[in-house]
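J.: From the sequence below, what's the structure:
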Amino acid sequence: MLKSPSSQRGRDFAVILRCLIDLGYCVEWRVINAADYGYAQRRRRVFIFASQQSCASIVDYSKTDPSDLVIKEGFFAQTFPVEDAVNTKKTSNLDISKDKFKDLKALSDSFAGQFYNAGVVQADGSIFSTEILPIKVDPVPLKDILEEEAVDEKFFLKQNLEKWEYLKGAKKIPRIKPNGEPYFYAEGGMSFPDNIDVPARTILTSESSVNRSSHVVVDKTSGKLRLLTPIECERLNGFPDNWTDTGMPHKFRYFAMGNALVVPIVERIGKQLINV
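T.: Numbers count the residues shown, from 1 in each chain. Now for the predicted structure:
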């Protein structure tokens, strides 16, 4: 979101921010990786906090230095602490005000700028963005959420081990562009099976299907290779076991978890909202 589209870096996110400014909001954002704050999944999502300029909030945006908002005094800084230093090599000051872009079309047509993983937008459309470093907490490794009991045989890999090895392996495939120009499509190798001593990778909606992104782990009981179970995916997002077991097919349980946020992250944001 922060970098799209490739031809006009940051345009889409700038449009979102300008819409909020036009509605009378001051805005903060933060890219949060759940694993940085102690959870079992490396899941990065952009979180936005917007407060009406007329409302009492946790901070007076007009009187607080933007870097202080991002580092220690803002909404996210109080909930998800970061290192007390601004990365001067990865900092940008941008302008999406009406003085520079008279409307959204003008912004969409010509904006290009660098957004980093944290930032604040003032009421006048000035943006401060920087690359922050979270104060990390030791995360829960994948092995700690794997089921201890025997797992149904349907989750184990069958005769297609060679296909899995190919999908997970490094490759360089010759292809042809529409204009006839040859090029190579390249992918780096992935751990196969997945390393269970670190947090899981990001769960996708296609989890459990035969594809490069699906997790494959060594089963604790049998030592055989298998996919994650729906319960394990629920645990990775902080849901209770069998939260999605409502009668829906397994593939929809995986789909639901691939679309979910990590619940404890949302809970921490909710508790901070109560204090606003």
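
J.: What is the burial count for the nearest residue to Ile145 once chain neighbours are set aside?
T.: Spatial nearest neighbour of Ile145, chain neighbours left out: Arg235 (4.2 Å); criterion: Cβ to Cβ, 6 or more residues apart in numbering. (C-beta placed from N, C-alpha, C; glycine too.) Neighbour count of Arg235, defined by other Cβ atoms under 10 Å: 24.

J.: Let me see the contact set for Arg235.
T.: 40, 145, 241 (Cβ atoms under 8 Å, 6 or more residues apart in numbering).

J.: give me that answer again for 10 Å
T.: 40-41, 140, 142, 144-147, 200, 228-229, 241, 243, 257 (Cβ atoms under 10 Å, 6 or more residues apart in numbering).

J.: Closest one of those to Glu165?
T.: Nearest to Glu165 among the contacts of Arg235 is Leu228, at 18.4 Å by Cβ to Cβ.

J.: I'd say the closest one and Tyr254 touch.
T.: Yes: judged on Cβ atoms under 10 Å, Leu228 makes contact with Tyr254 at a distance of 8.4 Å.

J.: Which one of the two is surrounded by more residues?
T.: Leu228 (27 against 24).

J.: quick revisit: so which strand or helix has the residue nearest to Ile145?
T.: Element membership of Arg235, judged by DSSP states H and E, is helix 230-236.

J.: now Asn93
T.: Short version, using DSSP H and E: Asn93 is in strand 91-95.

J.: Using the three-state scheme, assign Pro174.
T.: Three-state assignment for Pro174 (DSSP: H, G, I helix; E, B strand; the rest coil): strand.

J.: Please report phi then psi for the nearest residue to it once chain neighbours are set aside.
T.: Leaving out its chain neighbours, the residue that sits closest to Pro174 by Cβ to Cβ, 6+ apart is Phe184, at 5.8 Å. When read as degrees, to the nearest 10, the backbone of Phe184 gives phi -110, psi 130.

J.: ok, now which ones touch Gly38?
T.: 136-140, 199, 264 are the contacts of Gly38 under Cβ under 10 Å, 6+ apart.

J.: now with 6 Å?
T.: 137, 139 (Cβ atoms under 6 Å, 6 or more residues apart in numbering).

J.: go on, the one 4 residues further on?
T.: Contacts for Arg42 (Cβ under 6 Å, 6+ apart) come out as 35, 199, 201.

J.: nearest spatial neighbour of it, skipping sequence neighbours?
T.: Ala35 (4.5 Å).

J.: how close does the one you found get to Ile269?
T.: Shown here: Ala35 relative to Ile269, a distance of 17 Å by Cβ to Cβ, to the nearest Å.

J.: more crowded one of the two?
T.: Between Ala35 and Ile269, Ala35 has the larger neighbour count (other Cβ under 10 Å), namely 25 against 18.

J.: Wasn't the more buried one part of a strand?
T.: No: counting by three-state DSSP, one finds Ala35 to be helix, located in no strand.

J.: which residues sit against stretch 121-130?
T.: The list of residues contacting stretch 121-130 from outside it, by Cβ under 6 Å, 6+ apart, reads 17, 21, 26-27, 53, 66, 70, 86-87, 91-97, 115-116, 119-120.

J.: buried ones in that stretch?
T.: 121-122, 125, 127-130 (16 or more other Cβ atoms under 10 Å).

J.: So which of the residues you listed are in helices?
T.: Among the buried residues of stretch 121-130, no member falls in helices (DSSP state H).

J.: Nearest to Asn211 among those?
T.: The closest of these to Asn211 turns out to be Ser129 (Cβ to Cβ; 34.0 Å).

J.: Next, count neighbours for Pro139.
T.: 20.

J.: related to what we said a few turns ago, gap between the helix holding Arg235 and the chain center?
T.: Remark: helix 230-236 is offset 18 Å from the chain centroid, using Cα atoms, centre = their mean, to the nearest Å.

J.: CA atoms of that helix as CSV?
T.: The C-alpha trace of helix 230-236 is given here as CSV (Å, rounded to 0.1, in the frame of the first residue of the first chain):
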residue,chain,number,x,y,z
PRO,A,230,-7.1,-25.0,10.7
ILE,A,231,-6.6,-24.9,14.5
GLU,A,232,-2.9,-24.0,14.1
CYS,A,233,-3.8,-21.2,11.8
GLU,A,234,-6.3,-19.9,14.3
ARG,A,235,-3.6,-20.0,17.0
LEU,A,236,-1.2,-18.0,14.8
